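Undergrad: Model the following, please.
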Amino acid sequence: MRSQARSWSNLSPHADARRASCQGQTFVGARRWAPTLDSMTAALPALSEEGYTAVAAVLDIEQITSVQQALKVVSLERAGTRNLLDFGWCRDLAGTIKSHNDIYANLPASAVAIQCTLFEKTEKRNWLVAYHQDLSVPVKERVEHPSLGVWSLKEGQHYVQAPTELLEKLVAVRVHLDDCGLENGPLRLVPRSHRQGRLDDAATRRFRATKGEIVCVIAKGNALLFRPLLLHASSKAKVSGQRRVLHFLYGPPLPGYGLRWQHAV
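TA: Presented below is the predicted three-dimensional model:
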């Protein structure tokens, strides 16, 4: 698996398109395509090059069932909850996920889990989010530093807009607890947008129009890895059922700038 993951970095966007089309995919626009539930792991480019990649079989059915049971006692906000690392089972899971061969290959050896968010879409909790970059990180307390941006308080946790240099060191790992098809409100990404630094609304629109978007259809138990500075969005689900995702965020053990992580697992 590691050698296959490395080979993705040598594929051009056109090579990706050829390989996906050979698997019977449907393309919409310049780069938007609609893969099957399992094909996201077949021919994706490297994390560093395009800003995203996918990994198969991160959790098995037994592990997924165990997580689903644990989530039954977790109180949720409208779209989910940001504080799952408060739970011992989630801290253990963060280590299990990092140790997966193909995820470990995409993380620095010293990387720690600093957050786990549950995103849930159901008939009662159906939501959308426009294209954006993830700029805020969860920290232990508020500090003063000229490089730090806007502060906020979410679910009792301090968040701060971090410097670009820190954001570039982070990797999000989204593990799917349910199959996510085209009608389930999947994540959409703009390839290579993580290389542009922070983008304002006008730049976001221009870059998306130029590069197109990728629709991330992912099977249960598989994971999507991406850089938080990558432009991403999500529409409302069009069908009934659940779309649950554990969104882990991994980063360096010491964030710098006088900051301390609330969790560093």
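Undergrad: could you pull out the helices for the stretch 1-150 of the chain?
TA: 2-8, 13-22, 47-50, 61-71, 88-99, 101-104 (DSSP state H, counting those that start in this stretch).
Undergrad: and if you look at the stretch 151-265 of the chain?
TA: Along the stretch 151-265 of the chain, counting by DSSP H, counting those that start in this stretch, helices occupy 164-167, 201-211.
Undergrad: ok, what's across the strand from V245?
TA: For V245, the beta-bridge partners are F119, H176 (DSSP bridges).
Undergrad: Tell me how many other residues surround it.
TA: The number of residues packed near V245 is 23, by other Cβ atoms under 10 Å. C-betas here are computed from N, CA, C, even on glycine.
Undergrad: so how far is P146 from it?
TA: Remark: distance between V245 and P146 (Cβ to Cβ, to the nearest Å) = 35 Å.
Undergrad: And A113, by the same measure?
TA: A113 sits 28 Å away from P146, going by Cβ to Cβ.
Undergrad: try E77
TA: On the measure of Cβ to Cβ, E77 and P146 end up 32 Å apart.
Undergrad: what are the phi and psi values for Q262?
TA: phi -70, psi -40 (degrees, to the nearest 10).
Undergrad: Can you pick out the residue with more neighbours from A113 and P146?
TA: When A113 is set against P146 and neighbours are counted by other Cβ under 10 Å, the residue ahead is A113, at 24 against 6.
Undergrad: if you skip the residues just before and after it, what's nearest to that one?
TA: Excluding its sequence neighbours, the residue lying closest to A113 (Cβ to Cβ, 6 or more residues apart in numbering) is A94, at 3.6 Å.
Undergrad: what's near enough to touch that neighbour?
TA: By Cβ atoms under 8 Å, 6 or more residues apart in numbering, the residues touching A94 are L85, A113, C116, F248, V265.
Undergrad: can you check K140 too?
TA: Going by Cβ under 8 Å, 6+ apart, K140 touches H158, L259, R260, W261, Q262.
Undergrad: what's the nearest residue to the fourth one if we skip its chain neighbours?
TA: It refers to W261. I114 (4.7 Å).
Undergrad: Looking at the one you found now. What's its pLDDT?
TA: Model confidence at I114, given as pLDDT, is 98.
Undergrad: my guess is it meets A264, correct?
TA: Yes. Between I114 and A264 a contact is recorded at 6.2 Å, counting by Cβ atoms under 8 Å.
Undergrad: the more surrounded of these two?
TA: Taking neighbours as other Cβ under 10 Å, I114 and A264 compare with I114 leading, 23 against 16.
Undergrad: any idea how far that one is from D179?
TA: 28 Å.
Undergrad: With S193 instead?
TA: From S193 to D179 the distance is 26 Å (Cβ to Cβ).
Undergrad: Which one of the two is surrounded by more residues?
TA: S193 (25 against 17).
Undergrad: That one: what's it in contact with?
TA: Residues in contact with S193 (Cβ under 8 Å, 6+ apart) are G51, Q133, L199, F207, R208, K211, L229, L230, L231.
Undergrad: No further queries at this time; thank you.
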